[in-house]
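**Q** Here is my input; please provide its structure:
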Amino acid sequence: MRFAVLVFPGSNCDIDCYKAVEDTLGEPVDYVWHTATDLSAYDCILVPGGFSYGDYLRCGAISRFAPVMAEVAKAAEQGKYILGICNGFQILTEAGLLPGTLRRNMSLKFLCHDAVLRVENNETPFTSDYAKGEEIVVPIAHGEGNYYCDEETMAKLKANNQIIFTYASNPNGSLNDIAGISNEQGNVVGMMPHPERAVDSLLGSEDGKRMFTSILKAWRDRHDAAVVR
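**A** Numbering: from 1, shown residues only. Okay, the predicted model is just below:
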């Protein structure tokens, strides 16, 4: 399985994502610059956290126009796995690959600490190694993590089981305590907490590791099914 870690001007969690894949899974992983126009070689695309383009206009508002994002959209349509973390989540909402938007934290302060998340949906390629309702510890580091959408969108998120993670104790004012969501197909996930920073006990938690093992397991299951056919 091949992973791509996108790199925008201002990304600062790209190395964390790269190392999480390399150390946790041992699978091939590459940094891919924002000007890239071909992602066909990759099975999973990680859109990392940071401050792409300095967060000018809105977080992710400029990055969504980078050439690579057209390829991300194409990969999503093909059913490949896309994971946007923190600023990556913001970019995916700006690009229309996930519904809703991320606003300033209710406190108007940057938050950087561990957060307890509740697994709301463990039937996705990103969460199958968790138990539904399980509580995990994953750090947050954001100033604009307050998830918002209109009532119609929220109703769809609930009806389609697209709410993947919620906060056990809401740190930022997100509607319905939302910490992470998926698209309707379940192959695109965005989340504000940083699973790539929770893959080793030295970091304070290993609870993020199972997101990466879940992705690999989903890909292997799909790959083996394709070989059988």
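
**Q** Which parts of the chain are strands?
**A** Secondary structure of the chain (DSSP state E): strands located at 3-7, 29-33, 44-47, 81-85, 101-103, 111-119, 135-142, 146-148, 163-167, 178-182, 188-191.

**Q** So which of the ones you listed is nearest Ala218?
**A** strand 81-85 (7.1 Å; Cβ to Cβ). C-beta: built from backbone N, CA, C; applies to glycine.

**Q** related to what we said a few turns ago, would you format the strands of the chain as a markdown table with mean pLDDT included?
**A** Converted to a markdown table, the strands of the chain look like this (pLDDT from 0 to 100):
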| stretch | mean pLDDT |
| --- | --- |
| strand 3-7 | 98 |
| strand 29-33 | 98 |
| strand 44-47 | 98 |
| strand 81-85 | 98 |
| strand 101-103 | 97 |
| strand 111-119 | 98 |
| strand 135-142 | 98 |
| strand 146-148 | 98 |
| strand 163-167 | 98 |
| strand 178-182 | 98 |
| strand 188-191 | 98 |
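
**Q** Save those strands as CSV, and put in distance to Glu22 and mean neighbour count too.
**A** Formatted as CSV, the strands of the chain follow (distance: least, Cβ to Cβ, whole Å; neighbours: other Cβ atoms under 10 Å):
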stretch, distance to Glu22, mean neighbour count
strand 3-7, 9, 26
strand 29-33, 6, 17
strand 44-47, 12, 28
strand 81-85, 16, 28
strand 101-103, 28, 20
strand 111-119, 24, 17
strand 135-142, 19, 20
strand 146-148, 30, 22
strand 163-167, 24, 22
strand 178-182, 23, 27
strand 188-191, 21, 27
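
**Q** Save those as a markdown table, and put in distance to Arg210 too.
**A** Formatted as a markdown table, the strands of the chain follow (distance: least, Cβ to Cβ, whole Å):
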| stretch | distance to Arg210 |
| --- | --- |
| strand 3-7 | 16 |
| strand 29-33 | 18 |
| strand 44-47 | 15 |
| strand 81-85 | 13 |
| strand 101-103 | 24 |
| strand 111-119 | 10 |
| strand 135-142 | 8 |
| strand 146-148 | 22 |
| strand 163-167 | 12 |
| strand 178-182 | 14 |
| strand 188-191 | 13 |
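
**Q** Out of the ones you listed, flag the one nearest Ala155.
**A** Of all those, it is strand 163-167 that lies closest to Ala155, at 11.5 Å by Cβ to Cβ.

**Q** thinking again about what came up before, compare the strands of the chain and give me the one nearest Asp207.
**A** Asp207 sits nearest to strand 135-142 of all the strands of the chain, at 3.7 Å, using Cβ to Cβ.

**Q** Each with direction, which strands does the closest one pair with?
**A** Strands that pair with strand 135-142, judged by DSSP bridges, come out as strand 111-119 (antiparallel).

**Q** can you state the direction angle for the strand it pairs with and strand 178-182?
**A** 60 degrees (axes from the mean of the first three to the mean of the last three Cα atoms, to 10 degrees).

**Q** Now do strand 111-119 and strand 163-167, the angle between them.
**A** Between the axes of strand 111-119 and strand 163-167, defined by the same axes, to 10 degrees, the angle is 130 degrees.

**Q** Show me what strand 111-119 is in contact with.
**A** Residues from elsewhere that reach strand 111-119, judged by Cβ atoms under 8 Å, 6 or more residues apart in numbering: 105, 127, 130-143, 145, 164-169, 171-172, 179-180, 193, 204-205.
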